[in-house]
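**Student:** Have a look at this prediction, sequence included:
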Amino acid sequence: MIFVGEGALLRRAVAHAAARGHRVDLVCSADPLDAAAAGPGTPHLAAPDVNTRAAELSTACTDGIVWSVNNRQIFREPLLSLGLRIVNVHNGLLPQHRGLPSVAVLFALLNGDTAYGATVHEVDAGIDTGPVLAEHRFPLGPEDRFHQVMLRGVRACQSLFEETLPAVAAGLAPTVPPTSPTSPAPPPRPSAYHGLRTLARLADHRHAPAFARATDLGPFAAHAPELAAALDRLGPGPGPRPRPGLTAERTLRSPYASDSSSGNAT
């Protein structure tokens with residue numbers, strides 16, 4: 001299997017797959033150490049656009065499976081037509097939290113969503129629009145802050161990958177027990193895409209009751225630069241401001257940074 005993505009979340013997934021006996025054919029990321037997590041000699045490819053290296057991925061993949069983990073690249077043709085099964089681990093519930101996880105968490109809190117989580121889904125030509133294979137759902141409370149929800153989402157992504165890996169590797173549909181079996185899941189919100197352009201609407205929510213906690217980036221400020229910049233442009237507001245001098249290591253190493261330091265793609 002092949003892995004495409006970046007950061008500690010990717011590296012943990014690579015290490016877990018190798019430890020469970022799965023052959024890691026190739027790791028596509030910016031940091032060669034991500035491949036080393038599977039063991040010495042694991043091939044690494046630094047490809048800012050994996051679509052331009054489609055033939056190499058097809059040749060390297062021995063089981064036809066490509067995992068997308070903490071990956072901001074968008075899979076396009078010809079890669080989508082090579083018969084590979086591309087599976088994305090997405091920080092957010094689908095279809096209501098499509099797009100960048102940092103923006104999705106922000107608007108989940110601003111919009112008063114009652115649940116967030118992680119989703120494993122097949123990749124198609126859209127952005128986070130492929131068939132859902134499994135999800136890990138958790139409730140959002142009235143006091144939850146951005147950095148708390150993001151951290152729980154990261155942990156949910158890691159758990160869901162580990163739970164679904166055996167079935168995906170075997171070519172089966174994953175069967176993941178519901179995370180809240182005693183309470184039925186609420187009906188999903190309409191499909192919504194949360195990209196960088198969505199941040200243009202941030203000013204419209206400045207006086208929303210949840211604005212302070214929705215914009216409390218905490219240790220994730222340094223790893224959500226587009227969101228931090230949008231908040232800086234907005235100027236001082238109520239509640240805590242992002243603290244870019246902190247690192248996520250105070251709670252959990254950030255999924256956006258390597259251990260040494262979400263489209264169809266996140």
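**Tutor:** Thanks, I have it. Numbering: from 1, shown residues only.
**Student:** in the stretch 51-200 of the chain, which spans are strands?
**Tutor:** 65-69, 85-91, 98-99, 115-122, 132-139, 193-194 (DSSP state E, counting those that start in this stretch).
**Student:** Tell me which of those strands lies nearest to Arg20.
**Tutor:** Shortest distance between Arg20 and the strands of the stretch 51-200 of the chain, using Cβ to Cβ, is found for strand 65-69: 13.0 Å. Every C-beta, even on glycine, is put in place using the N, C-alpha and C of the backbone.
**Student:** Could you pull up the residues touching Val120?
**Tutor:** For Val120, the contacting residues are 87-90, 132-135, 160-161, 164, 168, 174, by Cβ atoms under 8 Å, 6 or more residues apart in numbering.
**Student:** I'd like these laid out as JSON lines, including neighbour count.
**Tutor:** Listed next are the contacts of Val120 as JSON lines, based on neighbours: other Cβ atoms under 10 Å:
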{"residue": "Val87", "neighbour count": "22"}
{"residue": "Asn88", "neighbour count": "27"}
{"residue": "Val89", "neighbour count": "26"}
{"residue": "His90", "neighbour count": "33"}
{"residue": "Val132", "neighbour count": "15"}
{"residue": "Leu133", "neighbour count": "20"}
{"residue": "Ala134", "neighbour count": "20"}
{"residue": "Glu135", "neighbour count": "21"}
{"residue": "Leu160", "neighbour count": "24"}
{"residue": "Phe161", "neighbour count": "24"}
{"residue": "Thr164", "neighbour count": "22"}
{"residue": "Val168", "neighbour count": "22"}
{"residue": "Pro174", "neighbour count": "16"}
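**Student:** Rank the residues you listed by pLDDT and give me only the lowest.
**Tutor:** Within the set of these, pLDDT is lowest for Pro174 (89).
**Student:** and the gap between that one and Ala229?
**Tutor:** With distances taken as Cβ to Cβ, to the nearest Å, Pro174 is found 37 Å from Ala229.
**Student:** bridging residues for the spatially closest residue to Val176 that is not a sequence neighbour?
**Tutor:** The spatial neighbour of Val176 that comes closest, neighbours along the chain excluded (Cβ to Cβ, 6 or more residues apart in numbering), is Ala134 at 4.1 Å. Taking DSSP bridges as the rule, Ala134 bridges to Val120.
**Student:** isn't Ala134 right up against Glu163?
**Tutor:** Yes: counting by Cβ atoms under 8 Å, Ala134 touches Glu163, with 7.1 Å between them.
**Student:** what is in contact with the two at once?
**Tutor:** 174, 176.
**Student:** His207 belongs to a helix?
**Tutor:** No: secondary structure assignment places His207 outside any helix; it is coil (DSSP: H, G, I helix; E, B strand; the rest coil).
**Student:** ok, which stretches of the stretch 101-250 of the chain are helices?
**Tutor:** With helices called from DSSP state H, counting those that start in this stretch, the stretch 101-250 of the chain shows them at 101-110, 146-169, 211-214, 225-234.
**Student:** what's in contact with the first one?
**Tutor:** Helix 101-110 is contacted by residues 90-92, 96-98, 116, 140, 144-146, 149-150, 153, 192, 194-196, 198-199, 202, 205, 208, 210-211, 213-215, 220, 224, 226-227, 262, 266 when judged by Cβ under 8 Å, 6+ apart.
**Student:** From those residues, keep the buried residues only.
**Tutor:** Of the members of those, the ones counted as buried by neighbours, 16 or more other Cβ atoms under 10 Å, are 90-92, 96-98, 116, 140, 144-146, 149-150, 153, 194, 198-199, 202, 205, 210-211, 213-215, 220, 224, 227, 262, 266.
**Student:** Can you tell me, leaving aside adjacent residues, what's nearest to Glu122?
**Tutor:** What sits nearest to Glu122 in space, not counting adjacent residues and going by Cβ to Cβ, 6+ apart, is Gly130, at 4.0 Å.
**Student:** Please disregard the earlier target; I meant Ala46.
**Tutor:** Nearest residue to Ala46, sequence neighbours excluded (Cβ to Cβ, 6+ apart): Ala30, at 5.9 Å.
**Student:** from what I can see His90 touches Glu122, true?
**Tutor:** No: in terms of Cβ under 8 Å, His90 does not count as a neighbour of Glu122; the distance is 11.2 Å.
**Student:** Noted, bye for now.
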